[in-house]
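Participant: I would like the atomic coordinates for the input below:
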Amino acid sequence: MEENNEEKINLDEPIVEPENQETPEKDYGVGLSSAEEPVAEEPTPAEEPTVEEPAAEEPAKEETPAAEEPVVEEPVVEEPAAEEPAPAACEKEPVEETPAKGGSSKKPLIILAAILGIAAIVLIVLACMGKFSKYPGFKKDRDTGIYYQFYGDRHDTAAMPKTGDLVGILFSLRAGDSTLIPMMPNEMVMDSVYEGDFFSALRMMHVGDSATFIFNGQDFFKNFMQETEYPFGDDPLYMDIKLYGHISKADFERLRAEYEAQMREQEANEGTAILEYVQKNNIKVQPTEEGLYLITTKKGTGAQPKDMQNLTVHYTGKLLDGTVFDSSVERGEPFKLTLGAHQVIPGWEIALSKMHVGEKATVIIPSKLAYGERGNYGIPPFSPLVFDIELIGIE
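Facilitator: This next block holds a predicted model:
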């Protein structure tokens, strides 16, 4: 019987315990079963099966939902317990974000500083590229302050002129829409007149480079144009340059020494060259006191010109070897000049003053009365010249 009672008690435990005590599940069930033993002993042994079966069934039916409630509630109860960390986690997120937000208040400053730094670098690069230049398309040289623009391929491996070097250039000057000097060749020795001058620009170039430089027109004219007033006020002066030739200072000095020696020889031999020409051409006239030969080939019957009268002439100029360097006859247009106005070489002034209108003459002119030691285009230094001249008229 005791064994059977114990089994019944064990059957009742799950039914009673969940209602009275939800928190403890099994440990306290044993204690409650021992307290309920007298209640279970009151029914008779014969009635136990009939009473207990419905009792067991009724509570089973009634308590099934109750028994299920803990099963359902247990997760519900456990959910808050499981969810308690979730709010804690949610509460911690702002706590963790607070420093992040505090840090984010610094991050924009850091980002802004970085952006400003990058912008500054970009501006510097663009300025170097001439994007924000005072003159669009031109860059500014830091050392000289000259604005410049190069064209085509740079000849970085070619020589760059230095002070004392001899250079050959093509250049033009312009301001606004006006061309002051058209493109023309020139050769000059590198020098320096003032900071940022024309020679400073040439020192930026390589042989073969083409560029445009911008100068202060007033400074340029004052130093290079014999103090002629710059006619364009504050407008910039543009100089287009192509550097086509260069001789170093050492080579130039060597060549100049050789040239001067040759010129001294040429000067010494000039008199001999004139005498040989006179003898070869069987010229019988004597030279004038100035040293020229005036050989009349056709006499003129007109008036003899005076100073400041306007003359019309035809001429052909030659070297002693017969090389023609200029001729109004070939151009088909007479040449006009004012006698005594220094518009022509001294030998011409002397010869024309001795001629008459309608006269033709051959004039042998020594270099001292022509182009002397400097020569001219097609005329070497210390070259005596031969001119065939016709005095057409006097106005």
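
Participant: measure stretch 172-191 end to end?
Facilitator: Length of stretch 172-191, first residue to last, Cα to Cα, to the nearest Å: 19 Å.

Participant: Not counting that stretch itself, show me its contacts.
Facilitator: 161-171, 199, 202-203, 217, 231-232, 235-240, 245, 252 (Cβ atoms under 8 Å, 6 or more residues apart in numbering). Bear in mind the C-beta positions are built from the backbone N, C-alpha and C, glycine included.

Participant: do you know how far residue 183 is from residue 274?
Facilitator: Distance, residue 183 to residue 274, using Cβ to Cβ, to the nearest Å: 39 Å.

Participant: what about those two, which has more around it?
Facilitator: Using other Cβ atoms under 10 Å, the more surrounded residue of residue 183 and residue 274 is residue 274, with 22 against 12.

Participant: which residue sits closest to that one, ignoring its sequence neighbours?
Facilitator: residue 384 (5.2 Å; Cβ to Cβ, 6 or more residues apart in numbering).

Participant: in terms of contact, does the one you found touch residue 369 like I think?
Facilitator: No. Counting by Cβ atoms under 8 Å, residue 384 sits too far from residue 369 to count as a contact (9.1 Å).

Participant: which residues of this protein score low on pLDDT?
Facilitator: Counting by pLDDT under 70, the chain contains low-confidence ranges at 1-106, 119-120, 122-133, 227.

Participant: which residues sit in contact with the residue lying closest to residue 194 once chain neighbours are set aside?
Facilitator: Distance criterion Cβ to Cβ, 6+ apart; nearest residue to residue 194, sequence neighbours excluded, is residue 223 at 6.0 Å. Residue 223 makes contacts with 193-194, 197, as judged by Cβ under 8 Å, 6+ apart.

Participant: part of a helix, is residue 170?
Facilitator: No. Under DSSP: H, G, I helix; E, B strand; the rest coil, residue 170 sits outside any helix and is assigned strand.

Participant: Check the gap between the closest residue to residue 301 other than its chain neighbours and residue 311 for me.
Facilitator: Closest residue in space to residue 301, ignoring its immediate chain neighbours: residue 358 at 5.6 Å, by Cβ to Cβ, 6+ apart. When distance is defined by Cβ to Cβ, residue 358 is 12 Å away from residue 311.

Participant: just the strands in this protein please.
Facilitator: Under the criterion DSSP state E, the chain contains strands at 139-140, 147-151, 166-175, 178-189, 210-215, 237-247, 293-298, 310-319, 324-327, 335-338, 360-365, 385-394.

Participant: Give me the residues contacting the last one.
Facilitator: So the one you mean is strand 385-394. With Cβ under 8 Å, 6+ apart, strand 385-394 has contacts from 277, 297-298, 300, 302-303, 305, 309-320, 334, 347-348, 351-352, 355-365, 367, 370-371, 379.

Participant: switch to 7 Å and redo it
Facilitator: Here strand 385-394 makes contact (Cβ atoms under 7 Å, 6 or more residues apart in numbering) with 300, 303, 305, 309, 311-320, 334, 351-352, 355-365, 370.

Participant: hmm, which of the residues you listed are the buried ones?
Facilitator: 300, 305, 309, 311-318, 320, 351-352, 355-357, 359-365, 370 (16 or more other Cβ atoms under 10 Å).

Participant: before we move on, the earlier item: could you export the strands of the chain to a markdown table, including columns for distance to residue 283?
Facilitator: Compiled in a markdown table, those are given as follows (distance: least, Cβ to Cβ, whole Å):
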| stretch | distance to residue 283 |
| --- | --- |
| strand 139-140 | 64 |
| strand 147-151 | 56 |
| strand 166-175 | 40 |
| strand 178-189 | 37 |
| strand 210-215 | 52 |
| strand 237-247 | 42 |
| strand 293-298 | 6 |
| strand 310-319 | 15 |
| strand 324-327 | 20 |
| strand 335-338 | 25 |
| strand 360-365 | 8 |
| strand 385-394 | 11 |
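
Participant: Looking at those, which is nearest to residue 269?
Facilitator: Between residue 269 and the strands of the chain, the shortest separation by Cβ to Cβ is 14.0 Å, and it involves strand 310-319.

Participant: what's the angle from that closest one to strand 360-365?
Facilitator: 60 degrees (axes from the mean of the first three to the mean of the last three Cα atoms, to 10 degrees).

Participant: heads up, I number from 33, so please use that
Facilitator: Okay, using 33 as the starting number, the last item reads as strand 342-351.
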